[in-house]
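*Asks:* give me a 3D structure for the following:
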Amino acid sequence: MDLDSDASGRGKLASVLLAGVLAVVSVWSLRSGKRARGVLAGVGALAVGYAATSDSPERAEVPDFDESDSGERAASSDADATDEGAQLRCAACGDPIRVGQSRGPNENDEIVHDACK
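*Replies:* Down below sits the predicted model:
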């Protein structure tokens, strides 16, 4: 077991314990007539408990890109961006690659039209 999995396990355990404490505070507050505090603690318990038990995107592993890349990989993630200026260009012919057009990497890991391979 490496250090990263240990740290994430401890973080998840701490979140579950915090959710339990908030749930107890919520019940205790509602029984003593403090509705606002009880509801807020209950919502907090639900939110922390959900975050602790679900696979959140913040914990997902993000691939690293080399600085030696010519920017083609970074541009491929921006191909579906809403910015009109962001266009993906074929490394072989230089023409823009439109949405829905077939494309893929060539032998140099540059994005090209399938017809240009």
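*Asks:* longest single helix anywhere in this protein?
*Replies:* Looking across the chain with DSSP state H, the single longest helix is helix 3-31.
*Asks:* could you give the average pLDDT over that one?
*Replies:* Mean pLDDT, computed over helix 3-31, is 84.
*Asks:* flag every buried residue along the next helix or strand after that helix.
*Replies:* Sequence order places helix 35-53 as the next helix or strand after helix 3-31, per DSSP states H and E. For helix 35-53, the neighbour count (16 or more other Cβ atoms under 10 Å) marks 38, 41-42, 44-45, 48-49, 52 as buried. Glycine gets a C-beta too; all of them are placed from N, C-alpha and C.
*Asks:* packing partners of helix 35-53?
*Replies:* If you count contacts as 3 or more Cβ pairs under 8 Å, 6 or more residues apart in numbering; DSSP states H and E, helix 35-53 packs onto helix 3-31.
*Asks:* scan the helices and strands of this protein for the one with the lowest mean pLDDT.
*Replies:* Within the chain, judged by mean pLDDT, DSSP states H and E, the helix or strand with the poorest mean is helix 72-77; its value is a mean of 49.
*Asks:* and the following helix or strand past it, what other elements does it pack with?
*Replies:* Next helix or strand after helix 72-77 toward the C-terminus (DSSP H and E): strand 88-89. Secondary-structure packing of strand 88-89 (3+ Cβ pairs under 8 Å, 6+ apart): helix 72-77, strand 96-97.
*Asks:* domain-wise, how is the chain divided?
*Replies:* Following automatic domain parsing, the chain resolves into domains at 3-59, 72-116.
*Asks:* now distance to V25 too, for the buried residues of helix 35-53, in a markdown table please.
*Replies:* Below are these laid out as a markdown table (distance: Cβ to Cβ, whole Å):
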| residue | distance to V25 |
| --- | --- |
| G38 | 8 |
| A41 | 4 |
| G42 | 9 |
| G44 | 9 |
| A45 | 8 |
| V48 | 12 |
| G49 | 13 |
| A52 | 17 |
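*Asks:* nearest to V16 among those?
*Replies:* A52 (5.0 Å; Cβ to Cβ).
*Asks:* quick one: that closest one from V39, how far?
*Replies:* Separation of A52 from V39 (Cβ to Cβ, to the nearest Å): 20 Å.
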